[in-house]
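> Compute the structure for the input listed below.
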Amino acid sequence: MIEQRYADLIRQINQWDHAYYVLDAPLISDAEYDSYFRELLVLETEYPELVSLASPSQRVGASPIEDFQKISHQVKMLSLANAFSLEETYSFFEKAAKELDRAPESLPLFSEPKLDGLAISIRYERGLFCYAATRGDGQIGEDVSHNIKTIRSVPLKLADEHPPDILEVRGEVFMPKAAFEKLNQLAAQNDSKRFVNPRNAAAGTIRQMNPKFTAERDLQFIPYGIGEYQGLLDFKRHSEILSYLTSLGFKQNPHTYAFAGSFSAFADNYQQMAELRDHLPMEIDGIVYKIDELALQTTLGFIARSPKWAVARKFPAQHISTPLLAVDFQVGRTGVLTPVARLEPVFVGGVTVSNATLHNMDEIERLGLCIGDVVEIHRAGDVIPKVAKVTALGLDRKAIIMPLSCPVCSSAVKRTEGQAAYRCTGGLSCSAQAAEHIRHYASRKCMNIVNLGTKLIEQLYNAGMIKTIADIYTLTLTDIAELERHGEKSAQNILDSIEISKTTKLSTFLTALGIPEIGEESAKTIAKHFKTYPAIAEASVEEIMQVPDIGPIMAKNLVEFFNETKNRAIIAKIIAAGVNWPNEITTPTQAQRLAGQSWVLTGTLSIPRQEAKALLESLGAKVAGSVSKKTDCVVAGIDAGSKLTKAQTLGVKVIDEAAFLAEFVNVPKDDS
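A predicted model of the protein is given here:
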């Protein structure tokens, strides 16, 4: 039985490690994982003859991901042993003191907040950034230099006139709480995958192949030590190393302390950090205690996967069970309905929690959740509490049902096929979506009301002056001039911009309505096909699907939008206010000249890119963003790059800008 349990633990933990380290998709909470790993270590201590090389206790992390280049660590990157109580922490250093033949109280100790992120080693040669690698299995990691170089807190050149020949700086890449909240809010708006916690978000970001995404996510790096080095470095204590790294330009871990290893000192230090935890800008999941004196570290050495001179005291998981009293549905800025759990208030993670997110109906079904059940709430690593699982079924369970009508505007609620989200179809008339609709409508790519920016829209909306996009056209000089920081001159400029914007294109107006999935290009295609607003508004799903490149989801969204009488009423007010789109008259020969052709613009042009694009589209061409075998012609401006190379490889016709202008704008080609 013992052997079977040991084998089961190895198999299960290795499976969780693969999901966490390789797939970036954790299957269980940290607390659950720690309990299983702890059981494994107990069995290996009591039955050393069972210890297998396949055991996760014999390695540090997981195998490197195949998509990344491999980097060997010259100095092995180890993990830390864990302690889960004051007694275990003290016992760890009692053993170390005994091996050193010293009293525990005489040990020089150093404590650091245990940052909840991803361990990274950054190599510098003669003070210049060389490469960065993940821990991997401790000996071989993945080269993630392209992403680490985008992190602002990682210096590309060390602030040292005489840097060591080689210096490996080891530390933690993490995502601050504010950045994590912003990232998941954006994911909610886009109906995309949310990250479980900031650590998972940081790990997933570092393993992106495109560094552009990493640069946008506000990751930070704080060092906790060094690996290989060559040069005149002479340190006596670990704390001196951290001070040196700070002098080189790295961020300093806040709230580090030096103390002697008495039992009461550990207790005081833990209590202090536990109280600080929720007030820090980053997530920490414990405290790292190290013997500060490097000579003592060397004497103690290491075991298979961790040093004998450092231990991580883990905080207890921030979760607790409480009854689910009700579920409300909140309407987001894009019309998505999100279920929110109303809970019996409980104190967890330093705050009283009475609400928690349920994400969507698929998540409710996955949990098997009903009103009246007792649920487990997690705050560990999460800015917004979430329902993790059902811990007990309620006696009087009630099913959670998505409302058929919007709780804000009473419009119908629909679920788009193939998507998790349910949306309010109220669109323009739903006050929960109003501010975002108005901002989108007035934006540069839509109605281009140049003086009506986001802050002004918020002022007008909060003052009750505009509630829908139609209200833009009822604003008066007095309305705007009364707002803070706006006088009569400013107000008149805004009214002038509104007046100028009234003359537009049908496709632009269609884009400005903010119909789900109907963007700039699809709006142009639809407007070109139907030619008039009434024809679009009265079209059926089948008729819209006859339009090139318009699929069933777009067609259904369009029909549902115009079937909503409140949307039609708002549009009628806008047209009555004078918004119009004059017919664009072109000769049949001109209109058909490039019909059915695909063109690509690349490089720097002397005329605005949008102007060149509009010209080609007016002649019937479709302007694509990439070159393929189906491309008819490429217009190559100055410094044309990969698109030009691909066109030449595929044998696609290429013309320069001078030829383009001479052909379509009647500008003589300069042959000089």
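
> Which of the residues in the helix or strand encompassing Ile122 are classified as buried?
Taking DSSP states H and E as the definition, Ile122 sits inside strand 118-125. Within strand 118-125, the residues that count as buried by 16 or more other C-beta atoms under 10 Å are 118-124. For the C-beta atoms, the positions are set from N, CA and C on the backbone; glycine is no exception.

> Average pLDDT for the next helix or strand after it, rounded please.
Next helix or strand after strand 118-125 toward the C-terminus (DSSP H and E): strand 128-134. Per-region confidence: strand 128-134 scores 93 on mean pLDDT.

> What of stretch 419-433?
83.

> how about the closest residue to Leu50 other than its chain neighbours, phi and psi?
Distance criterion C-beta to C-beta, 6 or more residues apart in numbering; nearest residue to Leu50, sequence neighbours excluded, is Tyr6 at 5.2 Å. Main-chain torsions, Tyr6, degrees, to the nearest 10: phi -60, psi -40.

> now Arg305
Per-residue torsions, Arg305: phi -120, psi 0 (degrees, to the nearest 10).

> and if you look at the one 10 residues further on?
When quoted as degrees, to the nearest 10, the phi and psi of Phe315 stand at phi -70, psi 150.

> if I pick it, what's in contact with it?
With contact taken as C-beta atoms under 8 Å, 6 or more residues apart in numbering, Phe315 is in contact with 274, 277, 284-286.

> Then Gln597?
Contacts of Gln597 by C-beta under 8 Å, 6+ apart are 620-622, 632-633.

> separation between it and Leu616?
9 Å (C-beta to C-beta, to the nearest Å).

> circling back to that earlier point, the buried residues of strand 118-125 into a markdown table, with extra columns for pLDDT and distance to Pro254?
Output for the buried residues of strand 118-125, formatted as a markdown table (pLDDT from 0 to 100; distance: C-beta to C-beta, whole Å):
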| residue | pLDDT | distance to Pro254 |
| --- | --- | --- |
| Leu118 | 92 | 19 |
| Ala119 | 94 | 19 |
| Ile120 | 96 | 19 |
| Ser121 | 96 | 22 |
| Ile122 | 96 | 20 |
| Arg123 | 95 | 26 |
| Tyr124 | 94 | 24 |
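
> would you list every one of the strands in the stretch 201-350 of the chain?
Taking DSSP state E, counting those that start in this stretch, the strands of the stretch 201-350 of the chain run over residues 220-230, 257-260, 284-291, 310-314, 319-331, 337-348.

> And the contacts of the next helix or strand after the last one?
Read in the C-terminal direction, the helix or strand following strand 337-348 is strand 351-357, with elements assigned using DSSP H and E. Residues lying outside strand 351-357 but in contact with it, judged by C-beta under 8 Å, 6+ apart, are 278, 322, 338-347, 377, 379, 384-387.

> Ok, stretch 169-183 next?
Stretch 169-183 is contacted by residues 77, 115-122, 124, 148, 151, 195, 197-199, 201-202, 205-206, 217-227, 245, 248, 250, 281-283, 383-384 when judged by C-beta under 8 Å, 6+ apart.

> could you redo the last one with a cut-off of 6 Å?
Residues outside stretch 169-183 that contact it (C-beta atoms under 6 Å, 6 or more residues apart in numbering) are 115, 117-118, 120-122, 198, 201-202, 206, 218-219, 221-225, 227, 281-282, 383.

> from those residues, which would you call buried?
So, by 16+ other C-beta under 10 Å, the buried ones in the contacts of stretch 169-183 are 115, 117-118, 120-122, 198, 201-202, 206, 218-219, 221-225, 227, 282.

> circling back to that earlier point, which one of the strands of the stretch 201-350 of the chain is the most hemmed in?
Highest mean neighbour count of those: strand 284-291, a mean of 24 (counted as mean count of other C-beta atoms under 10 Å).

> re earlier: go through the contacts of Gln597 and say which is closest to Ala658.
Closest approach between the contacts of Gln597 and Ala658, by C-beta to C-beta: Cys633, at 14.5 Å.

> re earlier: farthest-apart pair in the contacts of Phe315, please.
Most distant of those, by C-beta to C-beta, are Ala274 and Asp285, 11.7 Å apart.

> Residue nearest the middle of this protein, spatially speaking?
Central residue check for the chain by C-alpha atoms, centre = their mean: the C-alpha nearest the mean position is that of Leu183, 3.6 Å away.

> any idea how far Pro176 lies from Leu232?
In this view, Pro176 and Leu232 are 35 Å apart by C-beta to C-beta.

> okay, the residue nearest to Leu50: pLDDT?
88.

> pretty sure it is touching Leu43, no?
Yes - using C-beta atoms under 6 Å, Tyr6 makes contact with Leu43 at a distance of 5.2 Å.

> Good, we can wrap up now.
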